[in-house]
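Colleague: Below are the sequence and a predicted model for it; my questions follow.
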Amino acid sequence: MQQTFPWSEVSVYIAGHNGLVGSAIWRALEAEGVGKLIGWRSAELDLCDRDATFDAINDAKPDVIIDAAAKVGGIMANSTYPVEFLRDNMLIQTNVMDAAHAANTERLLFLGSSCIYPRHATQPIRESSLMTGPLEPTNQAYAMAKIAGIFYIEAHRTQYGRRWISAMPTNLYGPRDNFDLQSSHVLPAFIRRFHEAKAAKAPSVTVWGTGTPRREFLHVDDLAQACLVLLQRYDSPETINVGLGDDMPIRELAETVASVIGYQGAIEWDSAKPDGMPRKLLDTTRINDLGWKPQISLRDGLSSTYEWYLANVA
Ligand code: GDP
């Protein structure tokens, strides 16, 4: 990759380095031979604690900060706990960015999610759709916090000339995902449900909604490569999409996961559960123009994620 600065000469703090996204970026930067990697577990540093966050970032004085720390969850967690999803995410991102400003951090990448776009945005969704219509109600608390984060990045660029950026990934999956059935996203939920049904020789598995909403699924190692490209080559106030540019109905995802796991029973749909956004396919023209595109096929990504689940969760 063409680089504007050598990774070996910079120190990078990854907020949320233990999570699905942060741990993938950590692996990718390690492979690049980054000068220094910094991360604190939530037991060591609570990012909702403003003073502690200021002290930690000021002591470390990283050259680059990647904010991959957030309270995240699937459709049920998001719609059940809007207070926590709005408050914790506002606190975390504001504390990290204010501390980064106080420590004079040169480069900062803030990560959000494709749920920031309006429920009825034109598909595939371009970055310019932001704020053009009402949000999907099942995740609007989380989305509102992330939209505030995008504007906060922009505000620091305008007011202080900071070279900070934000990026919005599509639905992600991979090792270290959350496999808790109440709070997880759909893909890890399917891995767990079909694995357990196969083990129990259950004749059927019940999943949520109608199966008609469409989603795209990006392996988190592909996202990590995108983050590295963006930090090297992107420097603009507008947020940038990171996606596949290709989606599928949830029903097809269910069949694919069942086939990778080898579950042969029936799949039943509980339409009393929410479907959420009908479709959120990202337009990825801008990041593709920077020279990034995903490398991991859904089948390969599912197989390796299932192996990780078997070794670490099951
Ligand atoms: P979303 O992309 O923000 O809507 O979040 P999710 O990944 O949680 O859900 C995506 C879609 O998968 C929704 O239409 C859900 O109704 C559907 N879905 C089907 N079964 C499940 C399940 O077991 N867990 C979750 N989280 N979603 C499910």
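Modeller: Looks like it arrived, so ask away. Numbers count the residues shown, from 1 in each chain.
Colleague: the strands in the stretch 101-250 of the chain, which residues?
Modeller: For the stretch 101-250 of the chain, the strands defined by DSSP state E, counting those that start in this stretch cover 107-111, 163-169, 171-173, 204-208, 214-215, 217-219, 240-242, 248-249.
Colleague: Okay, now stretch 265-279: how far is its last residue from its first?
Modeller: Using CA to CA, to the nearest Å, one end of stretch 265-279 lies 27 Å from the other.
Colleague: Spell out which residues of the chain are next to the ligand.
Modeller: Within the chain, the positions adjacent to the ligand are 74-75, 115, 139, 171, 184-186, 189, 207-209, 213, 215, 250, 273-277 by CB under 6 Å from any ligand atom. Every C-beta, even on glycine, is put in place using the N, C-alpha and C of the backbone.
Colleague: go again using 8 Å as the cut-off
Modeller: 73-76, 78, 115, 136, 138-139, 171, 181, 184-187, 189-190, 193, 207-211, 213, 215, 250, 253-254, 269, 273-277, 280 (CB under 8 Å from any ligand atom).
Colleague: Mean pLDDT added to the strands of the stretch 101-250 of the chain, as TSV?
Modeller: Formatted as TSV, those follow (pLDDT from 0 to 100):
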stretch	mean pLDDT
strand 107-111	98
strand 163-169	98
strand 171-173	98
strand 204-208	98
strand 214-215	98
strand 217-219	98
strand 240-242	98
strand 248-249	98
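Colleague: nearest to residue 301, of those strands?
Modeller: Comparing the strands of the stretch 101-250 of the chain against residue 301 with CB to CB, the closest turns out to be strand 217-219 (4.0 Å).
Colleague: name the helices or strands packed onto the closest one?
Modeller: strand 171-173, helix 298-312 (3 or more CB pairs under 8 Å, 6 or more residues apart in numbering; DSSP states H and E).
Colleague: right, so those: which one is the most enclosed?
Modeller: strand 171-173 (a mean of 22; mean count of other CB atoms under 10 Å).
Colleague: now that one, how far from the chain's geometric center?
Modeller: Counting by CA atoms, centre = their mean, to the nearest Å, strand 171-173 is centred 6 Å from the centre of its parent chain.
Colleague: pLDDT value on the residue of the stretch 51-200 of the chain found nearest the ligand, please?
Modeller: Closest contact between the stretch 51-200 of the chain and the ligand, by CB to the nearest ligand atom, is at residue 74 (2.8 Å). Here, the pLDDT recorded for residue 74 equals 95.
Colleague: List the residues that contact it.
Modeller: The contact partners of residue 74, taken as CB atoms under 8 Å, 6 or more residues apart in numbering, are 183-186, 189.
Colleague: now for these, which pair is the farthest apart?
Modeller: Longest span within the contacts of residue 74, CB to CB: 183 and 186, 12.0 Å.
Colleague: Can you pick out the residue with more neighbours from the two?
Modeller: residue 186 (23 against 18; other CB atoms under 10 Å).
Colleague: pretty sure that one contacts residue 213?
Modeller: No - using CB atoms under 8 Å, residue 186 makes no contact with residue 213, being 9.2 Å away.
Colleague: Mind listing the shared neighbours of the two?
Modeller: residue 250.
Colleague: Residue 76 looks like it's in a helix, true?
Modeller: Yes - under DSSP: H, G, I helix; E, B strand; the rest coil, residue 76 sits within a helix.
Colleague: so what's it closest to, chain neighbours aside?
Modeller: Spatial nearest neighbour of residue 76, chain neighbours left out: residue 182 (6.0 Å); criterion: CB to CB, 6 or more residues apart in numbering.
Colleague: what's the answer for residue 141, then?
Modeller: residue 82 (3.6 Å).
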